[in-house]
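Chemist: Quick one, fold the following:
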Amino acid sequence: MDALTRDRLRQWAEEYHNERFITGDPVQFPHRYRRKQDIEVSGLLTAILSFGSRTQILKKADELDRLMGDSPWQYVLSRRWDTDLPSTRRDSFYRMLSYAAFRTYFERLHAAYTRYNCLEEALLACPGTPMERLCAFLGVSSASPQKKLNMFLRWMIRPQGPVDFGIWQSFSPSELLIPLDTHVCRIACDLGLIPKPTFSLRNARLITEALAEVFPGDPCLGDFALFGYGVSHTGKGAV
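Modeler: Numbering: from 1, shown residues only. Take a look at the predicted model:
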């Protein structure tokens with residue numbers, strides 16, 4: 001990576017890594033809470049809904065937030081989702097995600113919080129990197145980029161600052177993988193960090209490795225540079 005690209009990335013990170021980033025971003029929903037477990041539940045479920053039009057993401061995430069009430073954690077423990085998200089409902093909760101499918105996340109969270117104090121502790125029971133642990137917990141493949149899950153992990157693990165929470169102390173920011181979305185992929189390709197703008201785990205790793213050269217120990221600080229710059233030059237768009 002040449003010096004000009006490094007300087008651009010540092011400049012963009014400084015420009016977009018601030019409280020203004022929260023406005024219009026799904027991370028605004030877990031920021032409504034202070035208790036660790038509430039942040040975990042709101043953060044994970046909001047991240048899972050973060051695909052498609054940003055306008056629709058925020059609308060649906062706000063609907064979910066109102067459904068869970070003052071404490072997403074207590075909502076999980078109360079099992080009120082048994083009624084709100086019946087296992088028999090196959091119609092759409094959000095886009096192609098059915099009520100029954102979304103319910104499964106509450107089932108897994110309920111199992112975790114009835115056994116462990118927090119989701120962080122539950123993931124420590126799984127082997128591997130943070131992404132591999134979270135994929136194992138949710139029963140999904142760790143062989144794909146898993147943009148939504150890596151975004152959630154960034155929220156939980158990166159040092160507390162204007163955007164991220166840093167409430168998971170068991171993992172290092174150096175273990176994170178870049179959340180590979182449309183904007184990140186396109187800008188990374190334009191900068192020569194990846195050969196083609198394809199959504200693959202290999203590209204997510206290549207981008208993360210390149211960003212680690214610029215932001216040692218904290219490669220996902222570069223997420224603000226690539227995503228922020230990409231959004232600001234294409235409008236709200238899709239994520």
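
Chemist: Leaving out the residues flanking it, which one is nearest to Lys196?
Modeler: Distance criterion CB to CB, 6 or more residues apart in numbering; nearest residue to Lys196, sequence neighbours excluded, is Cys189 at 6.5 Å. Yep, even glycine has a C-beta here, placed from its N, CA and C like the rest.

Chemist: Tell me, how many residues neighbour the one you found?
Modeler: Neighbours of Cys189 under the rule other CB atoms under 10 Å: 16.

Chemist: continuing past the helix or strand containing it, what's the next helix or strand?
Modeler: If you go by DSSP states H and E, Cys189 is part of helix 182-190. Using DSSP H and E, the helix or strand that follows helix 182-190 towards the C-terminus is helix 201-214.

Chemist: before we move on, the earlier item: and the residue nearest to Lys196, what pLDDT?
Modeler: Looking at Cys189, its pLDDT is 96.

Chemist: That one: what's it in contact with?
Modeler: Cys189 is in contact with Pro195, Lys196, Pro197, counting by CB atoms under 8 Å, 6 or more residues apart in numbering.

Chemist: could I get those residues as TSV with distance to Pro127?
Modeler: Formatted as TSV, the entries for the contacts of Cys189 read as follows, by distance: CB to CB, whole Å:
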residue	distance to Pro127
Pro195	31
Lys196	32
Pro197	32
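
Chemist: Let me know the closest of those to His183.
Modeler: Each of the contacts of Cys189 was checked against His183 using CB to CB; the closest is Pro197, at 10.4 Å.

Chemist: number of nearby residues for that closest one?
Modeler: Summarising burial for Pro197: neighbours were counted as other CB under 10 Å, giving 15.

Chemist: Likewise for Ile167?
Modeler: When neighbours are counted by other CB under 10 Å, Ile167 registers 19.

Chemist: And what about it, helix, strand or coil?
Modeler: The local conformation at Ile167, judged by DSSP: H, G, I helix; E, B strand; the rest coil, is coil.

Chemist: Thought Gly43 was touching it, still the case?
Modeler: No. Applying CB atoms under 8 Å, one finds Ile167 not in contact with Gly43, separated by 9.4 Å.

Chemist: now, which of the contacts of Cys189 sits nearest Arg90?
Modeler: When these are compared for distance to Arg90, the smallest value, 34.5 Å, is given by Pro197; criterion: CB to CB.

Chemist: Next, the buried residues of the helix holding Cys189.
Modeler: Residues of helix 182-190 classed as buried by neighbour count (16 or more other CB atoms under 10 Å): Thr182, His183, Val184, Cys185, Ile187, Ala188, Cys189.
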